[in-house]
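Participant: any chance you can model this:
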Amino acid sequence: MDRAPKRAKKVIVVMPAFNAEKTLERTLADIPRDWVDEIVLVDDRSRDGTVALARRLGLRVFVHDRNTGYGGNQKTCYAEALKLGGDILIMVHPDHQYDPTVIPHLVQPLLDGDCDAVFGSRMLGGRPLEGGMPKWKYLANIFLTALENAAFYMYLTEYHSGLRAYSRRYLESVNFQANSDDFVFDSEIIAQGVLHKMVIREIPIATRYFPEASQIGLGRSLVYGLSILKTLVKFKLHKKGLARFEMFSGGAGSPGYKD
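Facilitator: From the prediction side, this is the model:
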């Protein structure tokens, strides 16, 4: 799958950036450009030279006037990429923790119309502990993934990877603008997709941890875990008609959406 196929769909990489100056060029060097039509970077009020570097490298750059958080950054990423006519949107972290050379494997199932989203899975990639994942994070990942599979009645090997590709249909079907601005955004957008009967596939990816790669510590991880449990409860209540939550109503991806 080295050579990019001729395609009618526009592929856009979105990069939610925060203090990524040291790793941005390394990440860009690994993106197979013949599979990508455009790269969009959204800077979440970095304190280093991320914005200047991204502009110098010729990326389309959007800058937040305040720090909105990881989820808030993704909202801008997807909204702007949809406005640019993106049909397939790939999230690539500019901290180089995830390997963007696998982009062809993320994109091809979406080009073929086999699914609505493709996620990279470190569990499918094998030996995540040897790749540097802390043991407590590995065990928490397995535990939360088991709960999410049970709640959604489907099977994924990992729900917490940051390397993902979404179809335009997926993002226009779900109300991602109603999601959290924090890390739980990643689980909320999956819950929304499940409710809207989106088809999700996985591909194996390598695990790599190093000093420059951004990651959350134990305290934030506990908050993240509790937020996921809260999301699962909301999902169940909404699906059973016992409560209504804005995040599970309508779709915020298309311009002019109102709920």
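Participant: quick one: contacts of the helix or strand hosting Leu147?
Facilitator: Taking DSSP states H and E as the definition, one finds Leu147 inside helix 135-152. If you take C-beta atoms under 8 Å, 6 or more residues apart in numbering as the criterion, helix 135-152 is touched by 122-123, 128-129, 133, 155-160, 187, 190-191, 194, 218, 221, 225, 228-229, 232, 235-236. Quick note: C-beta positions are derived from backbone N, CA and C, even for glycine.
Participant: for it, what is the average pLDDT?
Facilitator: Regarding helix 135-152, the rounded mean pLDDT is 93.
Participant: okay, it in CSV with CA atoms only?
Facilitator: What follows is helix 135-152, C-alpha atoms only, in CSV (Å, rounded to 0.1, in the frame of the first residue of the first chain):
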residue,chain,number,x,y,z
LYS,A,135,2.0,-0.7,33.5
TRP,A,136,-0.7,1.2,35.4
LYS,A,137,-1.8,2.9,32.2
TYR,A,138,-1.8,-0.5,30.4
LEU,A,139,-4.0,-2.1,33.0
ALA,A,140,-6.3,0.9,33.2
ASN,A,141,-6.6,0.8,29.4
ILE,A,142,-7.7,-2.8,29.4
PHE,A,143,-10.2,-2.3,32.3
LEU,A,144,-11.9,0.8,30.7
THR,A,145,-11.9,-0.9,27.3
ALA,A,146,-13.7,-3.9,28.7
LEU,A,147,-16.3,-1.6,30.3
GLU,A,148,-16.8,0.3,27.1
ASN,A,149,-17.2,-2.9,25.0
ALA,A,150,-19.9,-4.1,27.5
ALA,A,151,-21.7,-0.8,27.4
PHE,A,152,-21.7,-0.4,23.6
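Participant: and it, how far out from the chain's middle?
Facilitator: The chain centre lies 17 Å from the centre of helix 135-152; the measure is C-alpha atoms, centre = their mean, to the nearest Å.
Participant: ok, then the element right after that helix?
Facilitator: Heading C-terminal from helix 135-152 (DSSP H and E), you reach strand 164-167.
Participant: residues contacting the helix or strand following that next one, please?
Facilitator: Using DSSP H and E, the helix or strand that directly follows strand 164-167 along the chain is helix 168-173. Applying C-beta under 8 Å, 6+ apart, the external contacts of helix 168-173 come out as 78, 82, 86-89, 116-117, 192-193, 196, 198, 251, 253-254.
Participant: mind doing that once more with 10 Å?
Facilitator: The contact list for helix 168-173 (C-beta atoms under 10 Å, 6 or more residues apart in numbering) reads 9-10, 12, 78-79, 81-82, 85-89, 110, 113, 115-117, 166-167, 176, 189, 192-193, 195-200, 250-255, 257.
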